[in-house]
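Peer 1: Predicted structure and sequence below. I'll ask about it afterward.
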Amino acid sequence: MPNNLQLPSGYHELLQDLKGRIRAAQVRAAFAVNRELILLYWSIGRDLSQRFAAEEWGGKIIDRLARDLQTEFPGVEGFSPRNLRYMHSLAEAWPDEEVLQHLVAKLPWSHNVRVLGTC
């Protein structure tokens, strides 16, 4: 495309507007993805918590579960034994899903992990 193209009036304003809208949509999409991941991690942690309480599972089951999930989802991060333990801690720390949805799910996972590390 030649650089000497005569641009119509209003082009630069349109370009700036489009760039702003695109960036805003990217931020909203990132927040939506984060929220869904936090809710998924919380539900996994809740399931672990319920199983540990009801069926007296031992801690080693997390290592096995992590291996099986990593095998099923190769290249997907987040299913290490440590992360599964954080998921369990997340569900224990915030058992109320409504609180989770309104507050905790707005934080990135790494921030939640830091908070859980101080509990």
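Peer 2: Nice, thanks for sending it over.

Peer 1: for this protein, where's the lowest mean pLDDT among helices and strands?
Peer 2: Between all helices and strands in the chain, the lowest mean by mean pLDDT, DSSP states H and E belongs to helix 97-102, at a mean of 82.

Peer 1: residues of that one that come out buried?
Peer 2: Leu100 (16 or more other C-beta atoms under 10 Å). Heads up, the C-betas are built off the backbone N, CA and C, glycines and all.

Peer 1: roughly how far out does it sit from the chain middle?
Peer 2: Averaging C-alpha positions (C-alpha atoms, centre = their mean, to the nearest Å) puts helix 97-102 14 Å from its chain's average.

Peer 1: Which helix in this structure has the most residues?
Peer 2: For the chain, the helix with the greatest residue count under DSSP state H is helix 11-55.

Peer 1: Could you give the average pLDDT over that one?
Peer 2: Average pLDDT, helix 11-55: 94.

Peer 1: and it, what does it pack onto?
Peer 2: helix 81-93, helix 97-102, helix 109-118 (3 or more C-beta pairs under 8 Å, 6 or more residues apart in numbering; DSSP states H and E).

Peer 1: now it against helix 109-118, angle please.
Peer 2: 40 degrees (axes from the mean of the first three to the mean of the last three C-alpha atoms, to 10 degrees).

Peer 1: just checking, what packs against the next helix or strand after helix 11-55?
Peer 2: For helix 11-55, the succeeding helix or strand toward the C-terminus, using DSSP states H and E, is helix 60-72. With contacts taken as 3+ C-beta pairs under 8 Å, 6+ apart, helix 60-72 sits against helix 81-93.

Peer 1: what sits up against the helix it packs on?
Peer 2: 38, 41-46, 48-49, 52, 62-63, 65-66, 104, 112-113, 115-116, 119 (C-beta atoms under 8 Å, 6 or more residues apart in numbering).

Peer 1: redo that, cut-off 7 Å
Peer 2: 41-42, 44-46, 48-49, 62-63, 65-66, 112-113, 116, 119 (C-beta atoms under 7 Å, 6 or more residues apart in numbering).
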